[in-house]
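what's the 3D shape of this:
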Amino acid sequence: MEFKHISVLADEVIENLNIKPDGIYVDLTLGKGGHSKRILENLSENGRLIALDQDKDALNAAKENLSDFSNVSYLKSNFENIDKVLDDLGISKIDGALMDIGVSSYQIDNAERGFSYMHDGPLDMRMDTSNELTAEKIVNEYSLDELQKIFSNYGEERFSRTIARKIVETRDEQRIDTTFKLRDLINKSIRSNEAHPEKRVFQALRIEVNRELEVLENTLDKIIDHLNVDGRLCVITFHSLEDRIVKNTFKELEKDCICPPGLPLCVCNHKAKIKIINKKPIIAGKKELKDNSRSKSAKLRVCQRI
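Numbering: from 1, shown residues only. This next block holds a predicted model:
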């Protein structure tokens with residue numbers, strides 16, 4: 001299957017990265033390389049791009065897409081390993097970075113990857129197919145309480161207990177191993193007028209499989225520590241759980257003091273690391289929304305190292 005993906009908010013990312021032609025930049029979520037291509041077009045031959053992705057299909061597609069550029073280093077890695085990646089390359093400081101948090105159109109549309117409730121396929125959902133944990137393993141082996149917690153915390157699903165109970169009852173009779181089996185089970189277990197009431201459970205499973213929120217929290221501080229003064233980090237999120245983490249992390253890192261309220265003197269010695277560039281997230285304009293419907297939920301937040 002051809003790797004198709006349209007990068008969202010590309011113009012806004014380039015505008016906010018403030019690219020230095022000779023600078024070093026990191027694309028932490030390479031995908032097909034749409035954002036990376038735009039970054040490379042703004043770099044000189046002395047500039048450098050470090051491109052990471054944990055999906056080997058994405059890396060292969062990006063290498064083809066960016067074949068005209070020689071100043072790119074490709075690495076198959078989860079972005080939470082950014083410290084080791086840069087250390088191995090002999091790089092301590094960078095001039096900017098991008099994180100586009102979410103599933104690519106290729107991953108969604110490829111039934112074999114198991115991300116979508118619109119296509120029947122194996123219940124997989126791994127961004128890195130070398131990892132052992134799959135959605136099928138979670139659905140068939142996690143306890144009722146564990147399933148409920150995942151659906152509630154990661155999917156904000158109000159019928160989490162009902163759905164978890166139905167899964168446990170069903171798997172005692174037959175293994176739940178395809179996306180359509182899970183989708184149909186969810187639709188039968190709750191009453192809803194929504195077009196796709198299964199979407200929150202699928203989101204929750206994907207987050208659990210790939211440790212998405214944990215990895216995001218682990219990485220924001222790391223990448224900011226690698227930024228040169230005035231270097232910028234652009235983060236694109238696609239749902240409220242991710243956006244909340246980025247928003248709150250930026251707020252904390254912008255503060256000089258994080259002592260509990262009421263203390264007469266500051267004892268934390270915390271110093272602000274960043275300034276927030278956009279107090280409200282940047283969203284897609286009318287033209288992009290028309291051309292790419294998947295940009296509808298995208299939010300871009302930007303911070304600058306101080």
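
and the helices in the stretch 51-200 of the chain?
Using DSSP state H, counting those that start in this stretch, the helices of the stretch 51-200 of the chain run over 56-65, 82-88, 105-109, 135-141, 144-155, 160-171, 179-189, 199-210.

JSON lines for these, including mean pLDDT?
As requested, these are exported to JSON lines (pLDDT from 0 to 100):
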{"stretch": "helix 56-65", "mean pLDDT": "94"}
{"stretch": "helix 82-88", "mean pLDDT": "98"}
{"stretch": "helix 105-109", "mean pLDDT": "86"}
{"stretch": "helix 135-141", "mean pLDDT": "98"}
{"stretch": "helix 144-155", "mean pLDDT": "98"}
{"stretch": "helix 160-171", "mean pLDDT": "97"}
{"stretch": "helix 179-189", "mean pLDDT": "96"}
{"stretch": "helix 199-210", "mean pLDDT": "97"}
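
which residues touch stretch 125-137?
54-56, 78, 103, 107, 113-115, 122-124, 175-177, 182, 202, 205-206, 208-210 (CB atoms under 8 Å, 6 or more residues apart in numbering). Every C-beta, even on glycine, is put in place using the N, C-alpha and C of the backbone.

thinking again about what came up before, just the helices of the stretch 51-200 of the chain: most buried one?
Ranked by mean neighbour count under mean count of other CB atoms under 10 Å, the helices of the stretch 51-200 of the chain are led by helix 199-210, which reaches a mean of 23.

counting by contacts, list what that one packs against.
Judged by 3 or more CB pairs under 8 Å, 6 or more residues apart in numbering; DSSP states H and E, the packing partners of helix 199-210 are helix 135-141, helix 144-155, helix 179-189.

who wins for proximity to Lys273 among the ones you listed?
helix 144-155 (28.2 Å; CB to CB).

check the offset of the closest one from the chain's centre.
With CA atoms, centre = their mean, to the nearest Å as the basis, helix 144-155 stands 20 Å off its chain's centre.

could you list every helix and strand in contact with that helix?
Against helix 144-155 (3+ CB pairs under 8 Å, 6+ apart) you get helix 135-141, helix 160-171, helix 199-210.

quick check: Leu40 vs Arg158, distance?
45 Å (CB to CB, to the nearest Å).
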